[in-house]
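Q: Curious how this folds, go ahead:
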Amino acid sequence: MDTSTITSELTQNIPGAPALEAGSTTGQPIDLSAMHAVYSDMGWLIAERFSSLEDRQRVFELIELGMRSGDPKLKHAVSTGLIEAMISRTGAQPARWRQISAQLGPLSAAYIHG
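A: Okay, the predicted model is just below:
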């Protein structure tokens, strides 16, 4: 699964998630800072709306696919954007973080503990 497909599916499964302008539509590569900002917003929203995510399992499958991706921009956006935003948002809520971290796949969990 490619970067734009993962990003598109995540935005569809996270209510309120901002869309990322796909580079393929303009012929330009996706800007890393824009990608990081969108993924940070998604991580924040996941932490905020964790209990109400309709397809939570799919969201965390997509996060893990991003961590397995051969695209270094996507891996960076998922790890330092999305995952770290979830950690930051749940900092004062350890019970919420335990719920969220229990859903992480092996590569995502390894990033946190690495």
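Q: Please verify my assumption that Thr90 contacts Arg96.
A: Yes. With contact defined as Cβ atoms under 8 Å, Thr90 reaches Arg96; the gap is 4.7 Å. To be clear about C-beta, it is placed using only N, CA and C from the backbone, and glycine gets the same treatment.
Q: show me what contacts Leu104?
A: Phe60, Ile63, Glu64, Ile83, Ile112 (Cβ atoms under 8 Å, 6 or more residues apart in numbering).
Q: and what of Leu62?
A: Counting by Cβ under 8 Å, 6+ apart, Leu62 touches Ile6, Glu9, Leu10, Asn13.
Q: where does this protein have its least confident helix or strand?
A: helix 23-26 (a mean of 47; mean pLDDT, DSSP states H and E).
Q: Spit out the residues that contact Thr90 and Arg96 alike.
A: In contact with both Thr90 and Arg96: Ala47, using Cβ under 8 Å, 6+ apart.
Q: quick one, helices of the chain?
A: According to DSSP state H, the chain carries its helices in the segments 3-13, 23-26, 32-48, 56-68, 72-76, 84-89, 94-101, 106-113.
Q: Phi and psi next, for Glu54.
A: When read as degrees, to the nearest 10, the backbone of Glu54 gives phi -70, psi -50.
Q: That's all I had, so thanks and see you.
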